[in-house]
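> This is a predicted model, with the sequence first.
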Amino acid sequence: MIKTKPIDIFGEYNICTSYNTNIGLYETVEQNENFVIGNQYEGISTPDIDMPIFNILKPVVAHMNSSLVSDDISVNLEVIGANDDNKASVDMRILNNEIKKFMETNSVWILNRDAVRNMAVDGDACVHLYIDKCKGRNKKNVIELRMELIDNTNVLFGNPNIHDKEIQPYIILVQRRLIESVKAEAKANGATQDEIDLIQPDSEGLIHRANNFESSGKVTVLIKYWRDDNGEINFTKVTETSVIKKPTNTHYTLYPISYMSWDKIKNSYHGQALVTGLLPNQMFINKAYALDMKFVIDMAFPKIIYNKQAFPNGWSNKIGAIAVNGDVNTAVARILPSAEMSNQVMNLIESTVNNTQLFMGVSQASLGTLTAPENTSAIIAQQQANAVSLKIQQMAYWQFVYDYIHSAIDIMITDYGLRRVSTTDADGNKVVTDFDFSNLEKYDYTLNIDIGAGSHYSEAVQSQTLDKLFKMGAIPSTDIYVNALSDNAVKDKSGLIAQIKAYKDKQAQMQAQMQAKSQAIVSPNVPNIQPQQPPM
């Protein structure tokens, strides 16, 4: 039985957080975050020694992020068995345009970078899709699809031993929100005043970072998703004492979240972060540099050893005569040469840095710190070899993007209903029309997503191939050529098609007028005079 009462849901929440506590998730995430941002001496006090930070983790995480994340995401929806002239194909183009609008509105490229960064530092990344009811330009209520990033400490799987989100008995998302906004939402959802009064601020000491500085007036909100017997997703939203949103059937077929891990761990939905296994190396590098710096400060300058009996008032570096007690011919002082530090210390530090980056799949060439290269081909080969080490994470990221776009389509078909959309007609003109997204449910479609430079490369190759075919005469008209180009190949493709059509229509009219004038000149209007018949 699915539990929907607030007290029962918070009981499940406590069970899930206990699992995270037992595997050390909260401490690990906090420590990893501190080390990456440079706060590497949290809770440590060393008044007699400097605390230098040589952060090798931050540039590596940034390199991994830039290597995995690409702004080039191309979505292609096709109905099985449809052609360009079918209504099904036109409907898919409308849905495809709406997906592009969703990606631009939510700035998914920024969210993707933050998600990959969370995956590398925290171990996992998660995004949550939801419907936002807002006021449109015409002051009417409209619904828009939103996407937000969720920390892995705020995502609780009902079965923590399974990584696949779609077979989870339930998923709980944790939020810390201002009490006023929670009460306003509960009121908008039909809650009574007594239920609203039960919503009170609480404390949260486990999940959110920097809770020691958290302002008062916040309450923990749990969003619980579960799949019913019909395979449809239901949800409810509660605090510990009150219901904000009653159990509701969304009619979605997929959980509206997307989840990925850096390195999967068996029998756990939480993964291993890139940073976790590198903390001992970072600590050693800082400690070695700290001792090295202390040695230089203590031993770099020569020391003077003097006879205390000869200088009862202590040593003086003043210019002029120095008075001593006793015989001045006896040894009263001498200079003690400074000790030299072994070169093995710096060699060990440098070796530790290089090997740590190497074992992470990062080299000086890939980080851009290698200067004056002697062999360009070798450096390019090294960069390609580094990319190979990220193939597993790259595939996880691709699946992550595919999942949230697939969920977005599921939500659009279910919730968007009849709404105004912009599309192009058969002549390539932009038109605004009413479109019912629920009609898309009847189609059997395929979803193809190209991520990275490959999508641009494919478009470039396609454009070059079309150019060659057009020059060879294999493409008979300009209309066919322009229609075959991708939307990103030229700016305002539909406008260009409309201009070409208008130009051809004008040329056809001018040609018809000229032809009419030429016929008038060749065949002038002359009177029809019949010859007279000779008399009989």
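That came through fine.

> Then residue 327 would be within a helix, right?
No - counting by DSSP: H, G, I helix; E, B strand; the rest coil, residue 327 is not part of a helix but coil.

> Need phi/psi at residue 217.
Backbone torsions of residue 217, given as degrees, to the nearest 10, read phi 90, psi 20.

> give me every residue that touches it.
Contacts were defined as Cβ atoms under 8 Å, 6 or more residues apart in numbering; by that measure residue 217 touches 178-180, 201. The way it works is simple: take the backbone N, C-alpha and C, and place the C-beta from them, glycine included.

> tell me the two of the residues you listed that are most distant?
Farthest pair in those (Cβ to Cβ) is 180 and 201. Separation: 10.5 Å.

> quick one, which of the two is more surrounded?
residue 201 (14 against 10; other Cβ atoms under 10 Å).

> Do I have it right that the more buried one meets residue 216?
Yes - with contact defined as Cβ atoms under 8 Å, residue 201 and residue 216 form a contacting pair (6.1 Å).

> can you give me the strands in the protein?
Applying DSSP state E to the chain gives strands spanning 73-79, 124-135, 141-150, 155-157, 170-178, 218-227, 233-238, 243-252, 257-261, 303-306, 333-336, 418-424, 430-436, 445-451.

> Report all helices and strands that the first one contacts.
Which is strand 73-79. Packing partners of strand 73-79 (3 or more Cβ pairs under 8 Å, 6 or more residues apart in numbering; DSSP states H and E): helix 87-105, helix 391-411, strand 445-451, helix 453-472.

> Could you pull up phi and psi at residue 41?
Per-residue torsions, residue 41: phi -120, psi 40 (degrees, to the nearest 10).

> What about it, how many residues nearby?
Neighbours of residue 41 under the rule other Cβ under 10 Å: 15.

> and if you look at the one 3 residues further on?
Here the neighbour count serves as a burial measure; for residue 44 (other Cβ under 10 Å) it reads 7.

> out of everything not next to it in sequence, what's closest to it?
With Cβ to Cβ, 6 or more residues apart in numbering as the criterion, residue 44 has its nearest non-adjacent residue at 7.3 Å, and that residue is residue 51.

> hang on, the one you found packs against residue 291?
No - contact criterion Cβ under 8 Å: residue 51 and residue 291 do not qualify, at 11.5 Å.

> Redo the contacts of residue 217 as a markdown table? Include distance to residue 407.
A markdown table is the format used below for the contacts of residue 217 (distance: Cβ to Cβ, whole Å):
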| residue | distance to residue 407 |
| --- | --- |
| 178 | 28 |
| 179 | 30 |
| 180 | 30 |
| 201 | 33 |
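
> Of those residues, which belong to helices?
Using DSSP state H, the members of the contacts of residue 217 that fall in helices are 179-180.

> can you list the contacts of residue 217 in a markdown table and add distance to residue 126 and pLDDT?
Formatted as a markdown table, those follow (distance: Cβ to Cβ, whole Å; pLDDT from 0 to 100):
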| residue | distance to residue 126 | pLDDT |
| --- | --- | --- |
| 178 | 22 | 91 |
| 179 | 25 | 92 |
| 180 | 27 | 93 |
| 201 | 26 | 88 |
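
> and which of the contacts of residue 217 is nearest to residue 447?
residue 178 (37.9 Å).

> Bridged to that closest one, which residues?
residue 218 (DSSP bridges).

> okay, the angle between the longest helix anywhere in the chain and strand 418-424?
The longest helix of the chain (DSSP H) is helix 493-522. Inter-element angle recorded for helix 493-522 and strand 418-424: 50 degrees (by axes from the mean of the first three to the mean of the last three Cα atoms, to 10 degrees).
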